[in-house]
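Visitor: Provide a 3D model corresponding to the input given below.
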Amino acid sequence: MTRTRRLIAAATTALLLAAIPAIGNAAEMPGDACTVEGQIRPLGNGAIQCVNSVWQPSTTSPTSAPNVKTAKIFKPVGVALSQRTFGSTGKQVADATAFLLPSGKVRLFAFVNDTAGLPGLRVATSTTKTGLTFAGDGTDPFPGTPVGQPRAVALGGNSLRLFFVEGGNVNSAVSNDGGVTFTREGSVLTSAQAGFEPGVITVIKHKGAYRAYFSNLEKPGERAPRVMKTATSPDMLNWTVGPTVVAQGGSHPFAVTDKSGKIALYYAADRGSTYGIFESTSSDGINFSKEKFVMPSGGDPDIIRLSDGKALMYYGDNLGAEGFGVRVAKAIGNIVP
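Guide: Here you go, the predicted model:
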């Protein structure tokens, strides 16, 4: 039976604080309640099985879905962010998004289940231009506000626009100092426009206009089909929602283009019992094909090209005792295949 709930935790402030609106989805872990006796689901590098209505570690691996093709595009090289990066014990760092600073270092914005303050966005900067290791900056871009699912779009130099989920909408803010301070711009995509409560958008420039992709927002305990849509805009602030893309469904997409205008869309999905990050390509921005399996068990992909032209992918995954965090992978193939 096809699973419709992700195993990778997307950003959510509702995990520990029920009064704060959910902005993501939690993973099922050993000890949690389950309903389908004998069901097996992947978790990290292993699996869990429903036994006597409780998820327990399993020695049996879930079977793969038929006809899932694999592409060797990224190779995992380590952990970029964990709870220790931010001095938290909340065991959840998720939905990282990257911005390349003029210095060549990488700045990551991520949701952190902070145990010293209100959960929300936190910032870390790479210790070198390789973008592999990070130190927390100790900054909170939106203090006192539980926003989640950030997505950075470079505007040139030290400027960026940050999209994020808040109050059932996708909002935006702009920064001219590399993400230290932001000026809010308001809502850019509402639930009414999207036709469902939207997750954050990924934005590219395509054929003279801005094109975005987004999915319905994942919520704890919800088993809704994953739907991805596209939208277009002349200015990144006023969006016209278009059709559904990738009929099989997916979550938290990230788009990247090459010089010819070809688009590669990366997203979390499950095909049968195969769960992780998939990639599909399109020339017109609407019709995607040639889906390939890119990364097992990961989710929430965000890709950046470094100053030397090399590409990295940051993605969410289970770090074991550290809880959920953000891993980093190096491109070993064409990121727009």
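
Visitor: now do the same contact list for Ala164.
Guide: Rather than Ala, residue 164 is Phe. Neighbour list for Phe164: 121, 142, 147-151, 170-173, 200 [criterion: CB atoms under 8 Å, 6 or more residues apart in numbering]. No exception for glycine: its C-beta is placed from N, CA and C like everyone else's.

Visitor: name the helix or strand for it, please.
Guide: Using DSSP states H and E, Phe164 sits in strand 159-166.

Visitor: how close does Asn171 get to Pro198?
Guide: 11 Å (CB to CB, to the nearest Å).

Visitor: circling back to that earlier point, could you dump the contacts of Phe164 to CSV with secondary structure and distance to Ile277?
Guide: Converted to CSV, the contacts of Phe164 look like this (DSSP: H, G, I helix; E, B strand; the rest coil; distance: CB to CB, whole Å):
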residue, secondary structure, distance to Ile277
Leu121, strand, 22
Phe142, coil, 28
Val147, coil, 24
Gly148, strand, 19
Gln149, strand, 16
Pro150, strand, 18
Arg151, strand, 16
Val170, strand, 21
Asn171, strand, 26
Ser172, strand, 25
Ala173, strand, 27
Val200, coil, 16
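
Visitor: buried members of those residues into PyMOL, please.
Guide: Selecting only the buried entries of the contacts of Phe164 in PyMOL, with 16 or more other CB atoms under 10 Å as the criterion:
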select buried, resi 121+142+147+148+149+150+151+170+171+172+173+200
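
Visitor: nearest to Phe74, of the contacts of Phe164?
Guide: Arg151 (18.9 Å; CB to CB).

Visitor: which strand or helix spans the closest residue to Ile332 other than its chain neighbours?
Guide: With CB to CB, 6 or more residues apart in numbering as the criterion, Ile332 has its nearest non-adjacent residue at 4.8 Å, and that residue is Lys75. Counting by DSSP H and E, the element that carries Lys75 is strand 74-81.

Visitor: for the helix or strand following that strand, packing partners?
Guide: Following strand 74-81 in sequence order, the next helix or strand is strand 93-100 (DSSP H and E). Contacts defined by 3 or more CB pairs under 8 Å, 6 or more residues apart in numbering; DSSP states H and E place strand 93-100 against strand 74-81, strand 106-112, strand 148-156, strand 299-305, strand 311-318, strand 324-331.

Visitor: how about these in a markdown table, adding mean pLDDT and distance to Phe99?
Guide: As requested, those are exported to a markdown table (pLDDT from 0 to 100; distance: least, CB to CB, whole Å):
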| stretch | mean pLDDT | distance to Phe99 |
| --- | --- | --- |
| strand 74-81 | 98 | 14 |
| strand 106-112 | 97 | 5 |
| strand 148-156 | 97 | 4 |
| strand 299-305 | 98 | 8 |
| strand 311-318 | 97 | 11 |
| strand 324-331 | 98 | 14 |
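
Visitor: right, and the ones you listed - which one's nearest Thr181?
Guide: Closest to Thr181 of the helices and strands packed on strand 93-100 is strand 106-112 (CB to CB; 13.0 Å).

Visitor: restricting to C-alpha, output the closest one in PDB.
Guide: Provided in PDB are the C-alpha atoms of strand 106-112 (Å, rounded to 0.1, in the frame of the first residue of the first chain):
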ATOM      1  CA  VAL A 106      27.200  29.500   3.000                       C
ATOM      2  CA  ARG A 107      24.500  30.800   5.300                       C
ATOM      3  CA  LEU A 108      21.700  28.400   6.300                       C
ATOM      4  CA  PHE A 109      18.300  29.300   7.700                       C
ATOM      5  CA  ALA A 110      16.500  26.400   9.400                       C
ATOM      6  CA  PHE A 111      13.700  25.600  11.700                       C
ATOM      7  CA  VAL A 112      15.000  24.700  15.200                       C
END
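
Visitor: now for it, which elements pack on it?
Guide: For strand 106-112, the elements it packs on are strand 74-81, strand 93-100, strand 120-126, strand 148-156, judged by 3+ CB pairs under 8 Å, 6+ apart.

Visitor: what's the angle from the last one to strand 120-126?
Guide: Which is strand 148-156. Relative orientation of strand 148-156 versus strand 120-126 (axes from the mean of the first three to the mean of the last three CA atoms, to 10 degrees): 50 degrees.

Visitor: distance between strand 148-156 and the chain's centre?
Guide: 12 Å (CA atoms, centre = their mean, to the nearest Å).

Visitor: so which bits of the strand holding Phe164 are buried?
Guide: By neighbour count on 16+ other CB under 10 Å, the buried set for strand 159-166 is 160-166.

Visitor: out of those, which one sits closest to Asp300?
Guide: Asp300 has its nearest neighbour among the buried residues of strand 159-166 in Val165, at 12.3 Å by CB to CB.
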